[in-house]
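Peer 1: pasting a predicted model and its sequence here:
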Amino acid sequence: MHDDIISKLTEIFVRFPGIGPKQARRFVYFLLAQPQGSLQNFAKLIAELKTDIVQCERCTRFFILGVKRFPLCDLCADPNRDNSLLMIVEKDIDLNNIRKLGVYNGQYAVLGGLVPILEKNLEGRIRQTALVKNIEHRLAEHSLKEIIVALSVTREGDNTVDYLKVLLQPYETKGVKISIFGRGLSSGTEIEYTDSDTIKNALLNRH
């Protein structure tokens, strides 16, 4: 019975990004070594993830809902941000890394993934519908001038950039500039693990 629980938990941890079977099993044994109170608090926090944290209706990043139950995150609702700029990133942690730099004051759109090679079910991989809705809203309300595609320089990242170029092409005819992160990022680099100076250079050298 105990082995069955360990196996099931291991299978769950293996689904985490970048986690293999051995590391997943280490996580399980680490949890077993923790006091009961710590495990109960851990389980409580996991249970609260889906009640206290939601996706922004506009940029689709995750944020703490708060007592006001406002459907927009603090970035999308901030009147002081530059609504003429929209940066497309893969995931929330990429957004957070770029935000920390303090060199970009525009808005964001989180894809939630990348387009794998030869993938056909794109809506299951990226939040394409939400992205288009975000762009259309900003075009109608804020005179959007530039869309910055800021994705990792990997095979899937490059494939996604190529896909987005086609998807976003109609907006160029409406006067919106489509720019791509400069190659300050070396090949095979993920934004999540890139140092701040390299990200700054990639942003400043976008083309």
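Peer 2: On my side now, so go ahead. Numbers count the residues shown, from 1 in each chain.

Peer 1: for the residue nearest to D92 when sequence neighbours are not counted, phi and psi?
Peer 2: Nearest in space to D92, with sequence neighbours left out and distances taken as CB to CB, 6 or more residues apart in numbering, is R61 at 5.2 Å. Where you see a C-beta, it was placed from the backbone N, CA and C, and this is true even at glycine. Main-chain dihedrals, R61, degrees, to the nearest 10: phi -70, psi 160.

Peer 1: what about R61, how many neighbours?
Peer 2: Other residues lying near R61 total 20 when counted by other CB atoms under 10 Å.

Peer 1: that one contacts Q107, doesn't it?
Peer 2: No. Counting by CB atoms under 8 Å, R61 stays clear of Q107, with 10.6 Å between them.

Peer 1: joint contacts of the two?
Peer 2: Listed as contacting both R61 and Q107 by CB atoms under 8 Å, 6 or more residues apart in numbering are L75.

Peer 1: which pLDDT value goes with the residue nearest to D92?
Peer 2: R61 is assigned a pLDDT of 95 by the prediction.

Peer 1: any idea how far it is from R155?
Peer 2: 25 Å (CB to CB, to the nearest Å).

Peer 1: residues in contact with the longest strand seen in the chain?
Peer 2: Assignment by DSSP state E gives strand 82-89 as the longest strand of the chain. If you take CB under 8 Å, 6+ apart as the criterion, strand 82-89 is touched by 95, 98, 104-111, 131, 134-135, 138, 141-151, 164, 191.

Peer 1: 6 Å - rerun?
Peer 2: 95, 105-110, 142, 145-150 (CB atoms under 6 Å, 6 or more residues apart in numbering).

Peer 1: domain assignment for this structure?
Peer 2: Following automatic domain parsing, one finds the domains of the chain at 2-50, 82-204.

Peer 1: weakest of those domains in terms of mean pLDDT?
Peer 2: For these, the weakest mean pLDDT is recorded on domain 82-204, namely a mean of 85.

Peer 1: and the strands in this structure?
Peer 2: 53-55, 62-64, 82-89, 106-110, 146-149, 177-180.

Peer 1: of those, which stretch is the most buried?
Peer 2: Comparing those by mean neighbour count (mean count of other CB atoms under 10 Å), strand 106-110 ranks first with a mean of 24.

Peer 1: quick one: strands adjacent to it?
Peer 2: strand 82-89 (parallel) (DSSP bridges).

Peer 1: so how far is L144 from S84?
Peer 2: Looking at S84 against L144, where the rule is CB to CB, the gap reads 6 Å.

Peer 1: where do the helices sit along this protein?
Peer 2: Ranges of helices in the chain, per DSSP state H, are 2-14, 21-32, 36-52, 92-101, 128-142, 155-172, 196-204.
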